[in-house]
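# Prediction below, plus the sequence it came from.
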Amino acid sequence: MTVDGIQIDKGKLLSKDEALDLLFEYGEDYRAMAHLGKYYRSNFGNELVWRYPISDGLHLGTHILIVKEGFLSVPYESINRDDGELLELNAAATFDADDIQFFINDWRSFSDDLLRAMSDMLRILSGE
């Protein structure tokens, strides 16, 4: 399988349970996610962790991590200065196609709205 232009050997991926166990062991925060990213970088040349920094309506944001079972959403509810995102491991779940489509649609809507507003800001600041 190829993800983000990278050929993935599924045998080298962590399982969902292994990933969650490591996140728990490393502290349930952004630094814990960074440890998993280092593991994947050493095996695949890429962290294979994507940050989705907008709310899904339930959580402040989520990290998307590839695992043997598919793609794992590891949400966070808060962020602090020292530890970054504080992960909600009990809410972690694998995505299905509908979940990913929701995230894609939501991201496009967020991005389109922001770009329109910023374009208006530029127009106003430029004196047009």
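Here it is on my side, so go on. Numbers count the residues shown, from 1 in each chain.
# CA atoms for contacts and neighbours, from now on please.
Noted.
# residue ranges of the helices in the chain, please?
With DSSP state H, the ranges of helices along the chain come out as 16-26, 30-44, 97-125.
# For Gly5, find the nearest of the ones you listed.
Between Gly5 and the helices of the chain, the shortest separation by Cα to Cα is 10.9 Å, and it involves helix 30-44.
# Between the helices of the chain, which one is closest to Tyr52.
Across those, the minimum distance to Tyr52, taken as Cα to Cα, is reached by helix 97-125, at 8.6 Å.
# Could I get the average pLDDT for that closest one?
Taken as a whole, helix 97-125 has a mean pLDDT of 96.
# Centre of the chain to that helix, how far?
Taking Cα atoms, centre = their mean, to the nearest Å, one finds the center of helix 97-125 at 17 Å from the center of the full chain.
# Tabulate the helices of the chain (a markdown table), appending distance to Leu89 and mean neighbour count.
Formatted as a markdown table, those follow (distance: least, Cα to Cα, whole Å; neighbours: other Cα atoms under 10 Å):
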| stretch | distance to Leu89 | mean neighbour count |
| --- | --- | --- |
| helix 16-26 | 7 | 16 |
| helix 30-44 | 11 | 17 |
| helix 97-125 | 18 | 12 |
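# wait, which of these is closest to Asp4?
Among the helices of the chain, helix 30-44 sits nearest to Asp4 (Cα to Cα), with 11.3 Å.
# now the angle from the closest one to helix 16-26?
Put simply, helix 30-44 runs at 130 degrees to helix 16-26, going by axes from the mean of the first three to the mean of the last three Cα atoms, to 10 degrees.
# ok, and what's touching stretch 33-47?
Ile6, Gln7, Ile8, Lys12, Leu13, Ala19, Leu22, Leu23, Tyr26, Leu48, Val49 (Cα atoms under 8 Å, 6 or more residues apart in numbering).
# now it, how far from the chain's geometric center?
That offset, for stretch 33-47, works out to 14 Å (Cα atoms, centre = their mean).
# about what we covered before: and the helices of the chain: which comes nearest Thr2?
Closest approach to Thr2 among these is made by helix 30-44 (11.1 Å; Cα to Cα).
# who does the biggest strand by length in the chain pair up with?
Counting residues, the longest strand in the chain under DSSP state E turns out to be strand 70-80. Strands adjacent to strand 70-80 in the sheet, as given by DSSP bridges, are strand 61-67 (antiparallel), strand 84-87 (antiparallel), strand 93-94 (antiparallel).
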